[in-house]
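1. Output the structure for:
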Amino acid sequence: MKKRILTAILILAALILAAWLALRGYIAIEEKKRSDAPGNGAAYDVENLEPRNDSPLAGKTVVFLGSSVTYGAAAEGQSFVELFEALDGV
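-> Got it, this is the predicted structure:
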């Protein structure tokens, strides 16, 4: 019985540690998203880009797979995916 309780306590401690580490990672990403970061400036905002009228990708469906980079986690949710959408109309 004591062995079961000890095992349960160890599992709970491991889960708490994992949650804490995940939260620290999330906080680090959020801190990097500062709007004063040069790469997040208005010049790079997809709303300020002119679309390419002669893009061979226009109207095509493209599936992007990835991680936080594909999502744009450190760039306020704008990544190369939104760039392709804004410039090439995919």
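2. Tyr44 and Phe80, how far apart?
-> 11 Å (CB to CB, to the nearest Å). Bear in mind the C-beta positions are built from the backbone N, C-alpha and C, glycine included.
3. Show me the helices in the protein, by range?
-> In the chain, the helices defined using DSSP state H lie at 2-32, 68-71, 80-88.
4. what's the closest of these to Asn48?
-> The minimum distance between Asn48 and the helices of the chain falls on helix 80-88, with 9.0 Å, by CB to CB.
5. who touches the closest one?
-> Applying CB atoms under 8 Å, 6 or more residues apart in numbering, the contact partners of helix 80-88 are 46-47, 49, 51-52, 55, 57-58, 62, 64, 70, 72, 90.
6. ok, 7 Å please
-> 46, 49, 51-52, 55, 57-58, 62, 64, 70, 72, 90 (CB atoms under 7 Å, 6 or more residues apart in numbering).
7. buried ones in it?
-> 81-82, 84-88 (16 or more other CB atoms under 10 Å).
8. Need those in TSV (columns: distance to Leu6 and pLDDT).
-> What follows is the buried residues of helix 80-88, written out as TSV (distance: CB to CB, whole Å; pLDDT from 0 to 100):
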residue	distance to Leu6	pLDDT
Val81	48	93
Glu82	50	92
Phe84	53	93
Glu85	53	93
Ala86	56	93
Leu87	58	93
Asp88	58	94
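9. What is the nearest of those to Ile9?
-> Val81 (43.8 Å).
10. From Ala22, how far off is that closest one?
-> 24 Å.
11. now swap in Asn53 and tell me
-> Distance from Asn53 to Ala22, by CB to CB: 44 Å.
12. So which of those two has more stuff around it?
-> Neighbours per residue (other CB atoms under 10 Å) separate Asn53 from Ala22, with Ala22 holding more: 10 against 7.
13. correct me, but Ala73 touches Ile29?
-> Yes: Ala73 lies in contact with Ile29 (CB atoms under 7 Å); the separation is 5.1 Å.
14. Who has more neighbours out of these two?
-> Ala73 (16 against 11).
15. contacting residues for that one?
-> When contacts are counted by CB under 7 Å, 6+ apart, Ala73 touches Ile29.
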